[in-house]
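Undergrad: this one's sequence-less:
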């Protein structure tokens, strides 16, 4: 795995992200997160926004893995999330994949499972492939 993929951005650190596996050719990744008890709502289950953040990270990480080097970001254009089962605080495994990558847009999908393999949430998203920092003259 390239050094630039080993960096842990602040949001990923908050979610306890650890890389399990990366396939740069297929754009498939597995990441582990830790759903902290502070992420829980009044019912004791993980707030949906925290799960959505994990999905956003796993999908964009899958796209970044296909870019072949540092200097890229994948800002999310849209994301459609399905909450299938309540998530309890503890380990969460994310699976992300690139469905189709174009010149400027990539389409991704993701899934989250609890520590026992139970499917919690699924999502699809699209993101813009951008150089970072932006080149001069690029908006």
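TA: Everything's here; your move. A quick note: this is a predicted structure, and the numbers were derived from the prediction, not measured.

Undergrad: quick one: strands adjacent to the longest strand that the chain contains?
TA: Using DSSP state E, we find that the single longest strand of the chain is strand 90-101. Under the criterion DSSP bridges, strand 90-101 sits next to strand 28-35 (antiparallel), strand 105-114 (antiparallel) in its sheet.

Undergrad: List the buried residues in that strand.
TA: Going by neighbour count (16 or more other CB atoms under 10 Å), the buried part of strand 90-101 is 92, 93, 94, 95, 96, 97, 98, 101. In this view, the C-beta of every residue, glycine as well, is placed from N, C-alpha and C.

Undergrad: got it, and stretch 31-49?
TA: Using 16+ other CB under 10 Å as the test for burial, stretch 31-49 gives 31, 33, 35, 39, 40, 45, 46, 47.

Undergrad: From one end of that stretch to the other, what's the distance?
TA: End-to-end distance of stretch 31-49: 18 Å, with CA to CA, to the nearest Å as the criterion.

Undergrad: Export the buried residues of stretch 31-49 as TSV, with columns for pLDDT.
TA: Output for these, formatted as TSV (pLDDT from 0 to 100):
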residue	pLDDT
31	98
33	98
35	98
39	98
40	97
45	98
46	98
47	98
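
Undergrad: No further queries at this time; thank you.
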